[in-house]
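Predicted model and sequence follow; I will ask about them next.
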Amino acid sequence: MRVNEVSVIDAATEDLFLGEALTVRQPRNGYRAGTDAVLLAALMSPETAGKGPILDVGAGVGVVGLCVAARCPDAHVVLIEREADLAMLARHNIERNGLGMRVSVVETDIARPADALSRAGIASESFPVVLANPPYHHEGRGTAAPSPLKAVSHQMPENALEIWARFMTRMAMPGGRVAMIHKAEALPQILSVFEGRFGGVGILPIYPRAGAAAIRVIVSGVKGSRAPITIKPPLILHGPGQAFRPEVEAIFRHGAALPAQFGG
């Protein structure tokens, strides 16, 4: 193990996901994956995750893809990540959890031309499922994060969702499914970049509790489909007090898939 790799790993925290089924090291002061990554991964069930490789776009330390692999024993996952330190932690997390036979990392930028991506091991139209948990903040808005790694993990250029949607389209097989989790306020922009690329779009609004405004959306679609948009029943995270509702507790603590009515 190289000195830089040791320092990055030693500076990271060790966090548990899916109860204690998954142990993940992630930057102490950088972007930290949490509930959003677990909810996106919960779209996949053991019955649907073994039909071909799953691509986790902008994977960071790998939480989305690792959650899929930990929950779905037949799933094979490719994590694509641009930042070297995050890709390093993703590789460590794969080995730490004994998933090296089913999860791999490709360190590259999704904005690269198709031939460069192919040389890096990412072939166009080769994934039946493409998942994405992109940064939620635009560059130039708000206060910049003091850490450069945290800044690039949290922020993206104004036109970046178009780049992400273009890449997801390129990677998905014809008839393949894509899904993205984002802030609820980003829904109009997501629908705009999905238009003409994906049909059968499903919108899952996520609420912290009953009566509150939605905080997240999961938007999914099928490449080449002409089916109409559907809005799924709301997923409400908390019941009375701070406790998770039973179906949400089952996702976070026991590795359950999203119930069918929510898109699982």
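Arrived safely, thanks for sending. Treat the numbers as computed from the prediction; the structure is a model and nothing was measured.

So residue 191 versus residue 106, what's the distance?
Per CB to CB, to the nearest Å, residue 191 is found 29 Å from residue 106. (Each C-beta comes from the backbone N, C-alpha and C, glycine too.)

swap in residue 67?
19 Å.

Those two: which is more packed in?
Taking other CB atoms under 10 Å, residue 67 and residue 106 do not tie; residue 67 has more neighbours (28 against 15).

Surely that one is in contact with residue 23?
No - Residue 67 lies out of contact with residue 23 (CB atoms under 8 Å); the separation is 12.0 Å.

who touches both of those two?
Overlap of the contact sets of residue 67 and residue 23 (by CB atoms under 8 Å, 6 or more residues apart in numbering) consists of residue 17.

ok, the residue nearest to residue 117 when sequence neighbours are not counted - contacts?
Of all residues not flanking residue 117 in the chain, residue 108 sits nearest, at 6.5 Å (CB to CB, 6 or more residues apart in numbering). The contact partners of residue 108, by CB under 8 Å, 6+ apart, come to 80, 82, 116-117, 120, 122.

Need the pLDDT of residue 108.
Here the pLDDT value assigned to residue 108 is 92.

again, but for the one 3 residues further on
Per-residue confidence for residue 111 comes out at a pLDDT of 88.

correct me, but it touches residue 166?
No - here residue 111 lies out of contact with residue 166, judged by CB under 8 Å, at a distance of 9.0 Å.

Show the backbone phi and psi for the residue nearest to residue 117.
phi -160, psi 170 (degrees, to the nearest 10).

any idea how far residue 31 lies from residue 49?
Taken as CB to CB, the span from residue 31 to residue 49 is 25 Å.

Same question for residue 28.
In terms of CB to CB, residue 28 sits 31 Å off from residue 49.

more crowded one of these two?
residue 49 (23 against 10).

does the closest residue to residue 65 other than its chain neighbours count as helix, strand or coil?
Using CB to CB, 6+ apart and skipping the chain neighbours, the partner closest in space to residue 65 is residue 56 (3.6 Å). For residue 56, the assignment made with DSSP: H, G, I helix; E, B strand; the rest coil gives strand.

Name all residues that make contact with residue 56.
Residue 56 touches 62, 64-65, 68, 77-80, 131-132, counting by CB under 8 Å, 6+ apart.

Just confirm residue 227 contacts residue 202, I think it does.
No - look at residue 227 against residue 202 with CB under 8 Å: they stay out of range, at 9.4 Å.

So which of those two has more stuff around it?
residue 202 (19 against 12).

Where does residue 90 fall, secondary structure wise?
Per DSSP states H and E, residue 90 falls inside helix 84-96.

mind listing what's buried in that helix?
85-94, 96 (16 or more other CB atoms under 10 Å).

quick one: which of these is nearest to residue 170?
Nearest to residue 170 among these is residue 87, at 20.5 Å by CB to CB.

still on that earlier bit, so which of the contacts of residue 108 are in strands?
Cross-referencing the contacts of residue 108 against strands under DSSP state E gives residue 80.

For the stretch 151-264 of the chain, give me the ranges with low pLDDT.
Residue ranges of the stretch 151-264 of the chain with pLDDT under 70: 151-158, 264.

where along it do the strands fall?
Taking DSSP state E, counting those that start in this stretch to define them, one finds strands in the stretch 151-264 of the chain at 155-156, 172-183, 198-209, 216-223, 230-231, 235-238.
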